[in-house]
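Asks: What would the 3D arrangement of this be:
(chains A, B, C and D)
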2 protein chains.
Amino acid sequence: MDRNALGILRQYDLRHTDTRENILNGFLQKTTALSHSDIEVYLNDGFDRVTIYRTLKTFLDKGIIHKILDDNGGVKYALCKDQCASGHHHHDHVHFKCSECNETFCLEKFLIPEIILPAGYQRKDINVLVQGTCPKCN
Amino acid sequence: MDRNALGILRQYDLRHTDTRENILNGFLQKTTALSHSDIEVYLNDGFDRVTIYRTLKTFLDKGIIHKILDDNGGVKYALCKDQCASGHHHHDHVHFKCSECNETFCLEKFLIPEIILPAGYQRKDINVLVQGTCPKCN
DNA sequence: CTAAATTTGCGTTTTGATTACAAAAAATCT
DNA sequence: AGATTTTTTGTAATCAAAACGCAAATTTAG
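Replies: Presented below is the predicted three-dimensional model:
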């Protein structure tokens, strides 16, 4: 099962629009996480900023993409695997940001080990960002 | 050894100014991580935004405080323990953000377990944010 | 093709962050 | 203490990022 933009839109019950198709194609092509401005660049100013905001929000809400924290007070996004749906995210994998090339990767195969919390703390979601240098940069 | 603002400033070789003393006292009093705007509120508009930015940057550089990532594309700050110094940070503990009260806590006693990375990835820093509900909110 | 619902684009506004520069304050020295 | 040097601060201006309302355009369904 390879994934394509139209299939994803249909799967998640979203209307088929140019913006959505293009942004999804961006995520499908790039192997790294994308920030809002990465997407703007990718789309070559063909679409409005606001539309991109709204599209990302829609994708987030539906569980098509997930947030990846950034160290300089920003957020990046990457596609979720199929187990994700609205509200139910299962992407407990490690994220890696290279401090040389500033790219962020989803290390899908590398799961977050169990993290023990003090009594009374209810875990809902977890985000792990490792920073360092990626294979290309060292 | 209890810590006070003046002692910290002396320890880190920083001049003693009103802004720094007040901001440090804020960190010492609050048990939660503070954002830039939290600090603005705490200081009751007594100091300029720009000064706060600069003070936080100074503290970060010296290793007095450390960054805590936030899920909505922001950053919060909290005091480092004594092992930290310029460049050498040792705060591999878990951070917890409550989705009810939106407070972020340093769980100093709860260390991040070892995280395995694919070959070629060099780890330098790590940040773990667990989200859920804190003891007060459930 | 038409109508209803959703999505998009634009203008406006708000907020956050950075810079340059002059004024003020802190530490040092006599 | 007073003067000097260095650091820090406040102001104003600039710039970018994000949010909102509304009208126009597009998609889907009938």
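Asks: how about the residues of chain A that lie near DNA strand D?
Replies: A:15, A:16, A:17, A:18, A:36, A:37, A:49, A:50, A:53, A:74, A:75 (Cβ under 7 Å from any atom of the strand). C-beta here means a position set from N, CA and C on the backbone, and glycine is covered the same way.
Asks: Which members of the residues you listed are positioned in helices?
Replies: Counted as lying in helices by DSSP state H, out of the residues of chain A next to DNA strand D, are A:18, A:36, A:37, A:49, A:50, A:53.
Asks: which of those residues count as buried?
Replies: residue A:36 (16 or more other Cβ atoms under 10 Å in any protein chain shown).
Asks: before we move on, back to that, ok, of the residues of chain A next to DNA strand D, which one's closest to residue B:23?
Replies: residue A:74 (23.8 Å; Cβ to Cβ).
Asks: Neighbours of that closest one, how many?
Replies: The local packing of residue A:74 (other Cβ atoms under 10 Å in any protein chain shown) involves 15 other residues.
Asks: farthest pair in the residues of chain A next to DNA strand D?
Replies: A:16 and A:74 (29.3 Å).
Asks: contacting residues for the residue located most distally from the centre of chain A?
Replies: Each residue of chain A has a distance to the centre, and by Cα atoms, centre = their mean the biggest one is for residue A:119: 30.8 Å. Going by Cβ atoms under 8 Å, 6 or more residues apart in numbering or on different chains, residue A:119 touches residue B:135.
Asks: measure it to residue B:128 for me?
Replies: From residue A:119 across to residue B:128, the span is 19 Å (Cβ to Cβ, to the nearest Å).
Asks: before we move on, the earlier item: can you redo the residues of chain A next to DNA strand D as TSV, where the extra columns are pLDDT and distance to DNA strand C?
Replies: Shown next, in TSV, are the residues of chain A next to DNA strand D (pLDDT from 0 to 100; distance: Cβ to the nearest atom of the strand, whole Å):
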residue	pLDDT	distance to DNA strand C
A:15	96	4
A:16	96	9
A:17	96	3
A:18	96	7
A:36	96	14
A:37	94	14
A:49	96	8
A:50	97	4
A:53	97	9
A:74	88	10
A:75	94	13
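Asks: Generate a markdown table for those, with distance to chain B as supplementary columns.
Replies: Below are the residues of chain A next to DNA strand D laid out as a markdown table (distance: Cβ to the nearest Cβ, whole Å):
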| residue | distance to chain B |
| --- | --- |
| A:15 | 27 |
| A:16 | 29 |
| A:17 | 25 |
| A:18 | 26 |
| A:36 | 9 |
| A:37 | 12 |
| A:49 | 15 |
| A:50 | 17 |
| A:53 | 12 |
| A:74 | 5 |
| A:75 | 4 |
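Asks: of those, closest to residue B:44?
Replies: residue A:74 (29.1 Å).
Asks: That closest one: what's it in contact with?
Replies: Residue A:74 touches A:35, B:73, counting by Cβ under 8 Å, 6+ apart.
Asks: Look at the nearest residue to residue A:78 once chain neighbours are set aside and say how many residues are nearby.
Replies: Spatially, and ignoring its direct neighbours in sequence, residue A:78 is nearest to residue A:33 (4.3 Å; Cβ to Cβ, 6 or more residues apart in numbering or on different chains). By other Cβ under 10 Å, 24 other residues sit near residue A:33.
Asks: and if you look at residue A:126?
Replies: 16.
Asks: what's the helix or strand containing it in contact with?
Replies: Assigned by DSSP states H and E, residue A:126 belongs to strand A:122-133. Strand A:122-133 is touched from outside by A:67-71, A:89, A:92, A:94-100, A:104, A:112, A:115, A:117, B:69, B:71, B:99, B:115, B:117, B:121-133, B:138, with contacts defined as Cβ under 8 Å, 6+ apart.
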